[in-house]
Each structure stands twice: as C-alpha cells, then as structure tokens.
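Trainee: no sequence for this one, just the structure:
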C-alpha cells in the first residue's frame, strides 16, 4: 500500500481514533444519543482536526520543539472557538443540543494527537489527508452509534434534522413510540461502543483467518 | 538572538494570528448569533401564552430578580410582562424548581391577570432520560395539564400528584420530578397573587 492509502485505511478503520485508539471517548459517549447530534459533533470535530493539521503542518518549520505544545493548544482552542461561533450562528438549535461538548472539542485528545504525531512532521497535503481521515473515522463512529442508539432508544431515525439544516421541524422516520431506555442512559453508550468494537474485532479476525490461514491476530498497529 | 526571546516572539506572533482569527469569526457571526438568541427566547416564551391576546413583544419588558427572592428557586428569576396596548395581559415567570432529581429545573410559568395558568414549559433540566424527562413538552403531554389551572382550581392543598392525594398526573417511574415542578408552579401562583399589583409596576431592569 502506498503511504497515502495507508493513512486512509488507518484513519477510517485500522487505527480508528474511537474504535482502536479509544481517544475522545467523553464526547463520543455523551453525544451519540441521536443521529443528528452525532453528525453535528462529527462535523465540528472533523473541521477542527483538518484545520489544526493544516495550521500545525504550515508552522512546523518555525517551531522550536520546546514551545510546540502551547502553540498546538493555542491553535486548537482558537479553531474550536471559531467553530463554536459558526455553529451558534448557523445551527443554533444543534449548538444548544450539543451544549458544552462543542467547546470541549478543544480537549479532545484525538486532535492534539494528530498534531503531535503526524502534522508536525509531514507536509501540508499529507497532514490534511491525515486530519480528514482521522476526523472522518471519528465522525463515522459517532454517526453509527447515533443511528444505533436513536433507533433502539427512541424508535426513530433522522429525527430533528432541522437542528442542523434549518427549516421546519423534522419528525424523521418513526418505527415505534418510545424506546429502550437502557440504550439512552450513559451505560448504554458504553455497551453500544463495546458492541461496535467487538464487531470491528470480529471482522478483522475473520479477514485475518481468511487471508493468512492461522496467522496470529494483529492487535492495532503497535 | 537568544532562544527565550525567539520563543517568546514565535508565541506572540501565533497568538496574534489566532486572536485575529477568532476576532474575525466573531465579527462575522455576531449579529446572527444575537438574532438567534432573541428568536430562541421569543420562541420558547410564546407557548406559555396560549389563548391570550397581546400585541407587545414578549421579551420587551422584563424584570430580573437576583437571589434571594421569594419566588421558587435559588437562581435569578425573570418576569416578562406582556401587554395589549397599555393594558397588562399576563406575566411570564422563569423560576427554578429546587427539589428535582438532579439539579434545578428551570420552569417557565405563564399566568394571566386573573391568576390562571396560561401555560407551563420546562426550559432546562437534568432529570433522568426516559423517566423524569417526561416533563419536557416534546416527550409527553404532562406539562399541558397545568393550562387553565389556578389556586382555586384545584385548591392549594391539592396541588400534588395523585399518589400524594392531589389532582395532577405523575410520570410512570418518576414522582420526584413532577412533585418538584408542581410545587414550583404553585408557589409562583401564590407569589403572583400576593404581588399582582407590583408585578406590573416594577421598574424594568433590562437584560
């Protein structure tokens, strides 16, 4: 695989920030209650990761390693503030629904990790690709968990999409009235994530067996 | 150039760039954000005025009571006064129910001039999803049972859930939350009855 393809596969699947690195769990678990919340926070996080990777990559030549961390933090905090202002202006309902988790993107270690591990040592295009794929991997996981928990917990899909796109309130698809409470409360978030991780591991395991006969199961990339 | 100075300069330059980025975004979005806030406030207050005729802006005339005050809750209480022409029509109270399951519950209580409830909405709460959150308008029709009620309908002593001998519905699996909200609405009515004249005479304290 070319290095770039490798980055794509890593970000989306093999080294997925939520499923494998288990980073950024706090927003992941707290906001994945519905599809629209997951999508909203996913987009916000994606924007911040990409912009941070680009800025860090651009400044990497001027930076003395001693002060790189405060500078990453400065960049991330400013970008998160910008994204929050944009959300408040253009998707106020969603901003209200996500509450503290939009400003808390600044504390999402996925972003700092990409800046430190990748963007600080690679060129602009590669860093952008890395940020995009890592952000997408995180956002997709948020979306999948959101779909899963909304379907089981509320009995709906795609409800309240107007929070993100404006316009009239959207009821979404309703499969049944009421839902399964367990999925909506915080323990349900852990169970859902656990199921997702188990599902990924099972898929990988099966593929390994098919490809490599009795090849040992590779865990992560370490 | 020594490295401390160099580092300081780098930090200063990047801080400057970041600050201008935030300032620029703020400048571009500021007006929309202000409009959104105002619209959201209007939208969340209006449902508590069901069936009333008024022509003033709902958010126009507001009194802010800083704690401690005699209204329910330990947070600041807001009173929006609504008029038709120069005649007072109703008052909207934003108060807090203290004894919910987890933290204060912000309750909006609309009361018309005769002391009848024109609508109750829950603005903010942290009650248990699936149990106590039935007090939300979108989750159940629990909040609709207050409309038209007053201190004489039912009598003050009957402002309680059925399980406690009152007339209001509880939520299945949750009685702490409804109890807290019912008490807050009742106490707001009692306060309004005692201070009716004053409510519309109070000096405005703009927000």
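Mentor: Thanks, I have the structure now. Because the structure is predicted, anything quoted here is derived from the model rather than measured.

Trainee: Name the residues of whichever strand or helix holds residue B:196 that come out as buried.
Mentor: If you go by DSSP states H and E, residue B:196 is part of helix B:176-201. Using 16 or more other C-beta atoms under 10 Å in any protein chain shown as the test for burial, helix B:176-201 gives B:176-192, B:195-196, B:199-200. C-betas here are computed from N, CA, C, even on glycine.

Trainee: try stretch A:53-63
Mentor: Those would be A:53-57, A:59-60, A:63, for stretch A:53-63 by 16+ other C-beta under 10 Å.

Trainee: Of those residues, which fall within the contact range of chain B?
Mentor: Near chain B, judged by C-beta under 8 Å from any C-beta of the partner chain, the entries from those are A:59, A:63.

Trainee: Name the residues of chain A found near chain B, please.
Mentor: So chain A meets chain B at A:33, A:59, A:62-64, A:66-67, A:70-71, A:74-75, A:77-79, A:81-82, A:85-86, A:88-90, A:92, A:96, A:153, A:181, A:184-185 (C-beta under 8 Å from any C-beta).

Trainee: what's the spatially closest residue to residue B:186 that is not a sequence neighbour sitting at in phi/psi?
Mentor: Spatial nearest neighbour of residue B:186, excluding adjacent residues (C-beta to C-beta, 6 or more residues apart in numbering or on different chains): residue B:159 at 4.0 Å. Backbone geometry at residue B:159, expressed as degrees, to the nearest 10, gives phi -80, psi 80.

Trainee: quick one: residue B:159 from chain A, how far?
Mentor: For residue B:159, the distance to chain A equals 28 Å [C-beta to the nearest C-beta, to the nearest Å].

Trainee: center of chain A, which residue is that?
Mentor: In chain A, the centroid-proximal residue (C-alpha atoms, centre = their mean) is residue A:138; its distance is 2.2 Å.

Trainee: oh, I was asking about chain B
Mentor: Note: chain B centre (C-alpha atoms, centre = their mean) maps to residue B:94, 3.7 Å.

Trainee: For the longest helix anywhere in chain A, which helices and strands make contact with it?
Mentor: Using DSSP state H, we find that the single longest helix of chain A is helix A:124-154. Under the contact definition 3 or more C-beta pairs under 8 Å, 6 or more residues apart in numbering or on different chains; DSSP states H and E, helix A:124-154 sits against helix A:3-9, helix A:25-31, helix A:35-59, helix A:109-117, strand A:156-157, helix A:181-184, helix A:186-212.

Trainee: just how off-centre is that helix within its chain?
Mentor: Here helix A:124-154 shows a centroid-to-chain-centroid distance of 4 Å under the convention C-alpha atoms, centre = their mean, to the nearest Å.

Trainee: same deal with stretch A:79-95?
Mentor: Per C-alpha atoms, centre = their mean, the centroid offset for stretch A:79-95 relative to its chain is 17 Å.

Trainee: Run through who's touching that stretch.
Mentor: Here stretch A:79-95 makes contact (C-beta atoms under 8 Å, 6 or more residues apart in numbering or on different chains) with A:36-37, A:40, A:44, A:47-48, A:51-52, A:55, A:98, A:102-103, A:105-106, A:160, A:162-166, B:21-22, B:25-26, B:28-29, B:32-33, B:36-37, B:40.

Trainee: can you check stretch A:15-22 too?
Mentor: A:11, A:14, A:23-25, A:28, A:110, A:113, A:134, A:137-138, A:141-142, A:193, A:196-197, A:200, A:220-221.

Trainee: try stretch A:100-112
Mentor: Contacts for stretch A:100-112 (C-beta under 8 Å, 6+ apart): A:17, A:21, A:23-24, A:26-27, A:30-31, A:41, A:44-45, A:48-49, A:52, A:72-73, A:76-77, A:80-81, A:83-84, A:87, A:95, A:134, A:138.

Trainee: thinking again about what came up before, comparing the helices and strands packed on helix A:124-154, which comes out most buried?
Mentor: Stretch with highest mean neighbour count among the helices and strands packed on helix A:124-154: helix A:35-59 (a mean of 24; mean count of other C-beta atoms under 10 Å in any protein chain shown).

Trainee: Give me the buried positions along the strand of greatest length in chain B.
Mentor: If you go by DSSP state E, chain B has its longest strand at strand B:87-97. For strand B:87-97, the neighbour count (16+ other C-beta under 10 Å) marks B:88-97 as buried.

Trainee: list the helices and strands the helix or strand of chain A with the lowest mean pLDDT packs on?
Mentor: Taking mean pLDDT, DSSP states H and E as the measure, chain A has helix A:162-165 as its least confident helix or strand, at a mean of 79. For helix A:162-165, the contact count by 3+ C-beta pairs under 8 Å, 6+ apart identifies helix A:35-59, helix A:92-98 as packing neighbours.

Trainee: From the chain's centroid, how far away is it?
Mentor: 19 Å.

Trainee: Just give the closest residue to residue A:130, not the sequence neighbours.
Mentor: In space, residue A:130 is closest to residue A:118, 4.7 Å off (C-beta to C-beta, 6+ apart).

Trainee: If you could redo that for residue A:172, that was the one I meant.
Mentor: Closest residue in space to residue A:172, ignoring its immediate chain neighbours: residue A:159 at 3.4 Å, by C-beta to C-beta, 6+ apart.

Trainee: isn't there a strand covering the one you found?
Mentor: No - using DSSP: H, G, I helix; E, B strand; the rest coil, the assignment for residue A:159 is coil, not a strand.

Trainee: Correct me if wrong: it contacts residue A:150.
Mentor: Yes - if you go by C-beta atoms under 8 Å, residue A:159 and residue A:150 touch, sitting 7.0 Å apart.

Trainee: The helix ranked longest in chain B packs against which elements?
Mentor: Using DSSP H, we find that the single longest helix of chain B is helix B:3-45. Applying 3+ C-beta pairs under 8 Å, 6+ apart, we find helix B:3-45 packed against helix A:68-90, helix A:92-98.

Trainee: One more pass at 6 Å, please.
Mentor: When contacts are defined as 3 or more C-beta pairs under 6 Å, 6 or more residues apart in numbering or on different chains; DSSP states H and E, helix B:3-45 packs onto helix A:68-90.

Trainee: Mind listing what's buried along the helix it packs on?
Mentor: Buried-residue list, helix A:68-90, by 16+ other C-beta under 10 Å: A:68, A:71-72, A:74-90.

Trainee: again with stretch B:46-57
Mentor: Quick answer for stretch B:46-57 (16+ other C-beta under 10 Å): B:46, B:48-49, B:52, B:54, B:56.

Trainee: which regions of chain A sit below the pLDDT cut-off?
Mentor: Within chain A, the segments meeting pLDDT under 70 span A:213-222.

Trainee: Residues touching stretch A:143-155, excluding its own?
Mentor: Contacts of stretch A:143-155 with the rest of the structure, by C-beta atoms under 6 Å, 6 or more residues apart in numbering or on different chains, involve A:32-35, A:38-39, A:42, A:156-157, A:175-176, A:179-180, A:183-184, A:192.
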